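S.K.: how would this look folded up:
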Amino acid sequence: MATTAILSTQFRMIFDGGMDGDRQIYKNKNFSNVKTSATPDQLYAVANALAPLQQLPLLSVERNDSHSIYA
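M.R.: All right, here's what the predicted structure looks like:
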């Protein structure tokens, strides 16, 4: 059976960049070198703490994990 190990974690804050006609524009800020043990609640708390410091309104938060698969 294969197993996985998290190699790295990154989180992304996605902001509302307005509209271009009838197309939504998204602006992203990526943060690397996040602890792989960080919980979703911790990442969400950090994003909400940083959101008031930004010029655009926060739409969502994403977590991107890089995994290695072993047999």
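S.K.: Can you list phi and psi of Gly21 for me?
M.R.: phi 70, psi -120 (degrees, to the nearest 10).
S.K.: typed the wrong thing, it's Leu50
M.R.: Backbone torsions of Leu50, given as degrees, to the nearest 10, read phi -80, psi -20.
S.K.: now do Leu43
M.R.: Torsion angles, degrees, to the nearest 10, at Leu43: phi -60, psi -40.
S.K.: Would you quantify the distance from it to Asn28?
M.R.: Taking C-beta to C-beta, to the nearest Å as the measure, Leu43 falls 15 Å from Asn28. For glycine as for every other residue, the C-beta is placed from the backbone atoms N, C-alpha and C.
S.K.: which of those two has more neighbours?
M.R.: Leu43 (20 against 10; other C-beta atoms under 10 Å).
S.K.: thinking the more buried one is in contact with Phe11, fair?
M.R.: Yes. Using C-beta atoms under 8 Å, Leu43 makes contact with Phe11 at a distance of 5.1 Å.
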